[in-house]
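Undergrad: coords below, sequence missing:
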């Protein structure tokens, strides 16, 4: 079986766990709340603001994955650690946002979501899934390479000595 034809699963970590379809959990609650200026804010306005924030988080996560991928290819450990920390932070923000919207009944979603926003959310989700999948494949290959090199080094331990150990 060739490597190209193998189907690799999308990782189940935080970036991908939040990519499910937005419709079942993003319905507005009934009633009004006060906005920043004290004026009433409708449930649909709150929902739209939450979805816009979610869209922004998807775009930021995708950009972070691309930066992390660049750091992996460049073997830049500091860049990898920075990207990972940023991704953890974005995942926490996304989980918090999803928790805010999870209590809403799903039946009201279709009427409340503008078609343009739904389209942009789906596109952002697909971009994020694609970036996540590329990173997963890259990390799997890097892990395999590190394992091979480690085993090669261990198999040659009797032949070659550690230069640092000789200096002591």
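TA: That came through, no problem. None of the values given here were measured: they were computed from a predicted structure.

Undergrad: Verify the stated contact: residue 101 with residue 47.
TA: Yes: counting by C-beta atoms under 8 Å, a contact exists between residue 101 and residue 47, whose distance comes to 7.4 Å. For the C-beta atoms, the positions are set from N, CA and C on the backbone; glycine is no exception.

Undergrad: Strands of this structure, start to end?
TA: The residue ranges that make up the strands of the chain, judged by DSSP state E, are 32-34, 40-42.

Undergrad: Low-confidence bits of this protein, can you list those?
TA: For the chain, residues meeting the criterion pLDDT under 70 lie at 1-41, 103-112, 160-168.

Undergrad: for it, what's the longest helix?
TA: When the chain is scanned for its longest helix (criterion: DSSP state H), the result is helix 115-155.

Undergrad: tell me which strands and helices that one is in contact with?
TA: Contact analysis of helix 115-155 by 3 or more C-beta pairs under 8 Å, 6 or more residues apart in numbering; DSSP states H and E lists helix 14-17, helix 43-73 as its packing neighbours.

Undergrad: wait, which of those helices is closest to residue 138?
TA: Each of those was checked against residue 138 via C-beta to C-beta, and the shortest separation belongs to helix 43-73, namely 5.7 Å.

Undergrad: Tabulate the helices and strands packed on helix 115-155 (a markdown table), appending mean neighbour count and distance to residue 152.
TA: Listed next are the helices and strands packed on helix 115-155 as a markdown table, based on neighbours: other C-beta atoms under 10 Å; distance: least, C-beta to C-beta, whole Å:
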| stretch | mean neighbour count | distance to residue 152 |
| --- | --- | --- |
| helix 14-17 | 18 | 32 |
| helix 43-73 | 18 | 21 |
